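Asker: Have a look at this prediction, sequence included:
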Amino acid sequence: MVDSHCHIADAAFADDFEAVVARSRSAGVTRVMCILSSDTEEEFARVPIVQAAWPEVCYATAVHPHRAAAYAGRIPDVQRVVRAAVARVKAVALGEMGLEYHYDKAPRDVQHEVFAAQVALAVELDLPVAIHTREATDDTHAILRDAGQGRVRGVMHCFTGTLDEATRALDLGFYLSIPGIVTFPKAGALRDVVRALPDECLLVETDAPYLAPVPFRGKRNEPAYLTQTIAAIADLRGVTAGAMADRLRANFDAYLGRRRVDTPAKAVV
Ligand SMILES: [Zn+2]
Ligand SMILES: [Zn+2]
């Protein structure tokens, strides 16, 4: 199993990281994408610990929309900060970046500029992006189109949107990463979407330490709990958990490699 998005350098794992890794390994998690906030030194300080305990971990880094306000009036610093962070951990993707209109911790115009600067950097570095978008679908797509120049590729992380939103993301050539929310009793609409999507666009994530799936809901999430989320996705799609995990792992490899945006996958409507 491959966790396409989690925050295992977060302080939430500081006390028992080796036990978290041991549980993940025995659950069958073979690879993990660790998301690092480019301007959060505490997370980077934990990278050597993560690396030593779990060499299979790879990294993505960017400025989260929650932290965009710090760059008001100094947008060129965004690329400088992210570029340095990428070099520090040899990041294989840029993320998470995007727009967060639910909490609105930064003014929206500043969020737009910070996001656009990072999309442009991803194109320049030829790295995929991991997008965080909440209540901001139209603006997110506009920026991906404008700043991405038709060349940006990536994933909508923690996807919980409608089939229409999924189709729009697929038209951009993006992957959709399904979180543990798919196991929540009230997530029927998301389950319908997950049933309808083509195999080749799916990734899976924990977003640990957040969003633990049932039966761990409300507790700290960790990569081992991918088991529950993959089982739920497999059940929806009528395949075995093993076959689903294999497919998701192959998709993750493709996400980090090349996927032509001019041959996007189509949702089954
Ligand atoms: Zn996010
Ligand atoms: Zn996240």
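Answerer: Structure received. Just so it is clear, the model here is predicted, and its values are computed rather than measured. Numbers count the residues shown, from 1 in each chain. Ligands and ions are numbered 1, 2, ... in the order given.
Asker: got the residues of this structure near ligand 1?
Answerer: 96, 132 (C-beta under 5 Å from the ion). For glycine as for every other residue, the C-beta is placed from the backbone atoms N, C-alpha and C.
Asker: Would you map the helices across the chain?
Answerer: For the chain, helices defined by DSSP state H occupy the ranges 17-27, 41-45, 47-53, 76-89, 108-125, 137-148, 163-171, 188-196, 226-237, 241-256.
Asker: residues contacting the nearest residue in space to residue 79 that is not next to it in sequence?
Answerer: Once flanking residues are discounted, residue 79 sits nearest to residue 121: 5.0 Å by C-beta to C-beta, 6 or more residues apart in numbering. Applying C-beta atoms under 8 Å, 6 or more residues apart in numbering, we find residue 121 in contact with 78-79, 82-83, 94.
Asker: Could you count how many residues lie near the nearest residue to residue 116 once chain neighbours are set aside?
Answerer: Nearest residue to residue 116, sequence neighbours excluded (C-beta to C-beta, 6+ apart): residue 147, at 4.1 Å. Residues within reach of residue 147, counting by other C-beta atoms under 10 Å, total 19.
Asker: OK, now which residue of the protein is nearest to ligand 1?
Answerer: residue 132 (3.5 Å; C-beta to the ion).
Asker: thought that residue was touching residue 158?
Answerer: Yes. Between residue 132 and residue 158 there is a contact under C-beta atoms under 8 Å: 7.1 Å.
Asker: pLDDT at the residue lying farthest from the centre of the chain, what is it?
Answerer: Among residues of the chain, the one most distant from the C-alpha centroid is residue 73; the distance is 27.7 Å, by C-alpha atoms, centre = their mean. At residue 73 the predicted local confidence, pLDDT, stands at 96.
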